[in-house]
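Colleague: Have a look at this prediction, sequence included:
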Amino acid sequence: MKIVKPIIVILFFMTSFMSHAQIVVKVKPVAPRTVVMVSPARAPHGQVWINGHWVVKNNNYHWQDGYYVNHRRGYHFVEGHWKQNRHGWVWVPGKWKRNR
């Protein structure tokens, strides 16, 4: 029992570190195609449009088309973007940010 707790703690920290790992690419990808959204006169009640963006699946970047999501009262959505570092490019995902 004394050994089990340290192993659980180590596994927890390993999985939390791995979930924040970023995939670095040498050339910043471009969207694979232009997605044209034909917007209704108004967005569905209580929803906002999130533009297409890159997501990580199976250790690769994949394009996710835009979609509507429920609006979070008191927040606004900040689009994701590519950020360059000394090793290449990494995708910084979009996120909800509290209004000031």
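Modeller: Noted; the coordinates are in hand.
Colleague: So, low pLDDT: which residues of this structure?
Modeller: Judged by pLDDT under 70, the chain has its weakly predicted residues at 1-21, 32-41.
Colleague: all helices for it, in order.
Modeller: Using DSSP state H, the helices of the chain run over residues 4-19.
Colleague: Tell me where it has strands.
Modeller: Secondary structure of the chain, counting by DSSP state E: strands at 47-50, 53-57, 60-64, 67-70, 75-78, 81-85, 88-92, 95-98.
Colleague: which residues sit against the fourth one?
Modeller: Strand 67-70 has contacts (C-beta atoms under 8 Å, 6 or more residues apart in numbering) with Ala43, Pro44, Gly46, Gln47, Val48, Trp49, Ile50. Where you see a C-beta, it was placed from the backbone N, CA and C, and this is true even at glycine.
Colleague: Surely the third one and Arg72 touch.
Modeller: If I follow you right, that is Gly46. No - contact status for Gly46 versus Arg72: not in contact, 10.0 Å apart, counting by C-beta atoms under 8 Å.
Colleague: Show me which of these two is the more surrounded one.
Modeller: Just comparing Gly46 and Arg72: by other C-beta atoms under 10 Å the higher neighbour count belongs to Arg72, 13 against 10.
Colleague: give the contact list for that one.
Modeller: Neighbouring residues of Arg72 by C-beta under 8 Å, 6+ apart: Trp96.
Colleague: 10 Å instead?
Modeller: Under the criterion of C-beta atoms under 10 Å, 6 or more residues apart in numbering, the neighbours of Arg72 are Val48, Trp96, Lys97, Arg98, Asn99.
Colleague: a markdown table for these, including neighbour count?
Modeller: Formatted as a markdown table, the entries for the contacts of Arg72 read as follows, by neighbours: other C-beta atoms under 10 Å:
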| residue | neighbour count |
| --- | --- |
| Val48 | 14 |
| Trp96 | 12 |
| Lys97 | 11 |
| Arg98 | 8 |
| Asn99 | 8 |
